[in-house]
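> Below is the sequence, then the predicted model.
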Amino acid sequence: MPSAVAPALDAPSWFPLPARFGELDSSDLQLSSRILDIVTRYGLQKDVASTKSSHGALSFLAQIYSKVMASEPILMCLPAFPFKSPNKSTKVLGRLPDKAEEFALAHLNGLCAAISDIYLPGAKLMIISDGLVYNGKYRLPAKSVQAQAKQTRQDLLGVPDKDVWAYGEALRALSTRKEFHHVEFSRLKDLVHIDLPDQLDEITYVANATNFRLALLKHFSRPEYSPSLMISEDEDTCMTYKGYIKFLATDLQDVYPVGEERSKSKYKKGVEYIAKQMLGRGDAFARAVREKFRDRLRLSIHPSTGENKLSVSLLPTETIFTTPWHCSIAFRLDGTTTTGPRSEFDGNDAFELIYENGRPSYYREKTDLLTWATDKGGIISEPVYPAGILIRPAAGPGTLSIEDVDPAKVRAIAEINSPIILRGFANCDDRERFVHKAGEFGTPLPWKFGLVLEVKDRGVDTRGLNNVLSAEWMPFHFDGLFKTEKRVNADGTEQLVSLPPRFQFFTAVTTSPKNTGFTIFSTSTQVFRHLPRHIPIEYLRKLTWKVSTSSFNATELRGLPLVVDHPSTGRHCLRYHEPWPQHKTKFEETTVTIENADGDLDSAAICDVLDSLLHDRRIAYYHAWEKGDLLVSDNILAMHTRSDFTAGCDRELWRIHFD
């Protein structure tokens, strides 16, 4: 995949690689640096910076380099996804995975996919559930002996082993259903040797839970380990302890309620005790992970110095709630997410609780744009990672047709969050009905080839559209850049102006292969959300660019603004075309230059940043087409491209532009 990334780091003379590697290969080292840069993009926003992190980065770089030299997959492991918080009244929506877990897995799968985009052997991430580790027998201090006698005996965190099993199995099923192929899951036998059946079920899992804990502590705990001493001496341990205290204080509110039988001070003391118990078990668990998964990069959900583990955020959020089992997730209409305790959203009139498969799953900003055709059963809509909305007939595929699609509401929501995918609607591959629906959406805009463009591989027959009708990868762009006309200025001079359409309207007349031929969309909302600090949007708004190609009637355009205001929403939108030199295409190259770049940021540097963001898996939605899919995308809000596919394969879309 052709994409730009941050420049690779040069290895210093004291770079700590084993002598057996001999001389460093500069290209492998640069590739390794790019891979490490991808992982660090997913880091916690408030991670700790220190000299330890520099040394740690070099250690991780060496680990990656050894894999790259051997052309082996980049393997990572992450202790995480234990079980839902026992606090279901104010924190989470239930005991099983919901949309928060789905987006967390999508986020992690995207991390691996981003590595695979630049490194052919790819990447895999193994999730090692620590759910059973933090169970055991302990009771918080009660006010009296009588109260202690009444108190139900609880596990360390009050979560039954069968709930841990149910959560883990549902998580695996979710990953399979959503085709997160880069994510793997470990089993108990991967960490400690205990006598287990080949196939686990709920009963055998729960029956062996205690055996697992005992075996883990027997083989990997350190008798001399002192949580209090480690908290005072080790920065990573101290940060983890503080994190434990923070979430335990709310996690255990329902398990050990404060009241007549337990004071606030006793509750706080008990929470601190449990946190220290968790540190001891966590140390044993971490030692087991290091021993059993030596060949994997160690990721962590906890803030760290970066010396021994790379801290990552599991959710695309700006809040401190970055783990899906400790919070609920909410979606704004523009596709951005926020996370927090469920009580925060229950008390916010701007959001409504959305159910999936009969269970509460997530919160969504209230709108009537996602309600229509109620007399025929209505629709189901769900957010798509990392942006976009999928809409289906609520009563099942085929129960609504293309005629039932509400054009005004779909158009309005597309201006805020694109693309809008409509799946399961009947008659979408009927050309006459497709054309008629385009007229309901707006004013259809014909090109020289007519109103409907049949988008498929035509080999070398470009029809004047460069590589649009080919099977090769395309640059990120917005449609209609090269649809131009000459206009006479007030001073009598002529100027060539671009006339891009407002919207794209697609239908898939075939099902495309699942793993190739993606249409990729990146919205300005997500691009600007991830802008590096040294390139603020205020700077980009001042820039103009020029583009030229010998295709499209040898078009050359100058003075194009890089950022414009959306005509309906007023939001900032990126207007850009990815540079496409000759080595990336067998057709005509496209040259792009930022005209008024200044200072340390020249045109190439700015283009590199924008190209990297557009291809960033935290931003770019990869759409795999199913026959009958309708898709509406705002051509101002979102830029798009197409990945390559096998020439001549059965992949055909119809596209109409409209204003």
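Thanks, I have it.
> Please save the CA atoms from stretch 591-602 in CSV.
Extracted as CSV, the C-alpha positions of stretch 591-602 are listed here (Å, rounded to 0.1, in the frame of the first residue of the first chain):
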residue,chain,number,x,y,z
THR,A,591,1.9,16.3,-9.3
VAL,A,592,0.8,18.2,-6.2
THR,A,593,2.6,21.1,-4.6
ILE,A,594,1.8,23.3,-1.6
GLU,A,595,2.3,26.8,-3.0
ASN,A,596,3.0,28.9,0.1
ALA,A,597,4.6,26.6,2.6
ASP,A,598,7.2,28.4,4.7
GLY,A,599,9.7,27.8,7.5
ASP,A,600,10.7,24.3,8.4
LEU,A,601,7.6,22.8,6.7
ASP,A,602,8.1,22.6,3.0
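> hmm, who's touching it?
Stretch 591-602 is touched from outside by 534-535, 542-549, 558-559, 562, 576-581, 603, 605-607, with contacts defined as CB atoms under 8 Å, 6 or more residues apart in numbering. C-beta here means a position set from N, CA and C on the backbone, and glycine is covered the same way.
> List the contacts of Lys99.
Ile329, Ile354, Glu356, Ser361, Tyr362, Glu382, Pro383.
> Could you measure from it over to Pro82?
18 Å (CB to CB, to the nearest Å).
> for Ala113, same thing?
25 Å.
> try Arg359
For Arg359, the distance to Pro82 (CB to CB) stands at 19 Å.
> got a list of what Ile115 touches?
Residues in contact with Ile115, defined by CB under 8 Å, 6+ apart, are Ile35, Ile38, Val39, Ile74, Gly122, Ala123.
> Need the phi and psi values for it.
phi -70, psi -40 (degrees, to the nearest 10).
> what do you get for Arg262?
When read as degrees, to the nearest 10, the backbone of Arg262 gives phi -150, psi 120.
> what do you get for Glu472?
Dihedral pair for Glu472: phi -90, psi 160, per degrees, to the nearest 10.
> residues near it, how many?
Residues lying near Glu472 (other CB atoms under 10 Å) number 16.
> What separation do you get for it and Asp598?
35 Å.
> now do Ser116
Distance of Ser116 to Asp598, given as CB to CB: 36 Å.
> got it, and Asp629?
Distance, Asp629 to Asp598, using CB to CB: 44 Å.
> Between the two, tell me which one has more neighbours.
Comparing Asp629 with Asp598 by other CB under 10 Å, the one with more neighbours is Asp629, at 24 against 10.
> Quick check: the gap between the more buried one and Thr523.
In this view, Asp629 and Thr523 are 19 Å apart by CB to CB.
> And for Ala207?
Separation of Ala207 from Thr523 (CB to CB): 49 Å.
> of these two, who's got more company?
Just comparing Ala207 and Thr523: by other CB under 10 Å the higher neighbour count belongs to Thr523, 30 against 14.
> who's the more buried one bridged to?
Listed beta-bridge partners, Thr523: Ala638 (assigned using DSSP bridges).
> Cross-check the contact I'm expecting between it and Ala638.
Yes - using CB atoms under 8 Å, Thr523 is in contact with Ala638, at 4.6 Å.
> mind listing the helices for the stretch 151-300 of the chain?
In the stretch 151-300 of the chain, the segments counted as helices under DSSP state H, counting those that start in this stretch are 161-177, 202-220, 227-233, 235-251, 264-292.
> Among the ones you listed, which comes closest to His623?
helix 161-177 (17.6 Å; CB to CB).
> What is the closest one packed up against?
Judged by 3 or more CB pairs under 8 Å, 6 or more residues apart in numbering; DSSP states H and E, helix 161-177 is in contact with helix 99-118, strand 183-185, helix 202-220.
> Redo these as JSON lines? Include distance to Leu400.
Listed next are the helices and strands packed on helix 161-177 as JSON lines, based on distance: least, CB to CB, whole Å:
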{"stretch": "helix 99-118", "distance to Leu400": "23"}
{"stretch": "strand 183-185", "distance to Leu400": "33"}
{"stretch": "helix 202-220", "distance to Leu400": "39"}
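> Just tell me which of the ones you listed ends up closest to Leu333.
Leu333 lies closest, by CB to CB, to one member of these: helix 99-118, at 15.6 Å.
> so where's the stretch 1-150 of the chain uncertain?
Within the stretch 1-150 of the chain, the ranges that satisfy pLDDT under 70 run 1-23, 45-53, 135-150.
> what ranges do the strands span in it?
For the stretch 1-150 of the chain, strands defined by DSSP state E, counting those that start in this stretch occupy the ranges 74-79, 123-128.
> I'd like these as JSON lines, with mean neighbour count appended.
Shown next, in JSON lines, are these (neighbours: other CB atoms under 10 Å):
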{"stretch": "strand 74-79", "mean neighbour count": "23"}
{"stretch": "strand 123-128", "mean neighbour count": "21"}
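> Could you provide those in CSV, with additional columns for distance to Val312?
Listed next are those as CSV, based on distance: least, CB to CB, whole Å:
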stretch, distance to Val312
strand 74-79, 7
strand 123-128, 10
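> quick one, strands of the stretch 401-550 of the chain?
Assigned by DSSP E, counting those that start in this stretch, the strands in the stretch 401-550 of the chain fall at 420-422, 444-445, 453-455, 484-488, 494-498, 503-508, 519-523, 544-549.
> need those strands in TSV with mean pLDDT and distance to Arg392, can you?
Below are the strands of the stretch 401-550 of the chain laid out as TSV (pLDDT from 0 to 100; distance: least, CB to CB, whole Å):
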stretch	mean pLDDT	distance to Arg392
strand 420-422	98	8
strand 444-445	96	26
strand 453-455	88	23
strand 484-488	85	39
strand 494-498	85	36
strand 503-508	97	15
strand 519-523	97	19
strand 544-549	95	38
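> will you turn these into TSV that also has distance to Leu24?
TSV is the format used below for the strands of the stretch 401-550 of the chain (distance: least, CB to CB, whole Å):
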stretch	distance to Leu24
strand 420-422	46
strand 444-445	54
strand 453-455	45
strand 484-488	49
strand 494-498	47
strand 503-508	46
strand 519-523	34
strand 544-549	37
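> Any idea which of the ones you listed gets closest to Glu403?
Here strand 420-422 is closest among these (CB to CB), at 12.1 Å.
> distance between that closest one and the chain's centre?
Relative to the chain's own centre, strand 420-422 is displaced by 19 Å; criterion: CA atoms, centre = their mean, to the nearest Å.
> shared neighbours of Thr523 and Ala638, which are they?
Counting by CB under 8 Å, 6+ apart, the common neighbours of Thr523 and Ala638 are Ser418.
> for the protein, where's the lowest mean pLDDT among helices and strands?
helix 145-150 (a mean of 39; mean pLDDT, DSSP states H and E).
> average pLDDT across the helix or strand harbouring His640?
Using DSSP states H and E, His640 sits in strand 638-642. Mean pLDDT, computed over strand 638-642, is 96.
> residues making contact with that strand?
Contacts to strand 638-642, defined as CB under 8 Å, 6+ apart, come from residues 418-419, 473-479, 504, 517-524, 574, 576, 578, 614, 633.
> among the strands of the stretch 401-550 of the chain, which is nearest Ala104?
Ala104 lies closest, by CB to CB, to one member of the strands of the stretch 401-550 of the chain: strand 519-523, at 20.7 Å.
> packing partners for that closest one?
Packed next to strand 519-523, using 3+ CB pairs under 8 Å, 6+ apart, are helix 603-615, strand 621-623, strand 638-642.
> If we use 10 Å, what do you get?
Helices and strands touching strand 519-523, by 3 or more CB pairs under 10 Å, 6 or more residues apart in numbering; DSSP states H and E, are strand 503-508, strand 572-574, helix 603-615, strand 621-623, strand 630-634, strand 638-642.
> out of these, which comes closest to Thr585?
strand 638-642 (12.4 Å).
> ok now the closest one, how far from the chain's centre?
Relative to its chain's centre, strand 638-642 lies at 17 Å (CA atoms, centre = their mean).
> For the residue nearest the centre of the chain, give its distance to Leu31.
Nearest to the mean C-alpha position of the chain, counting by CA atoms, centre = their mean, stands His107 at 3.1 Å. Between His107 and Leu31 the computed distance is 23 Å (CB to CB).
> With Phe521 instead?
Distance, Phe521 to Leu31, using CB to CB: 27 Å.
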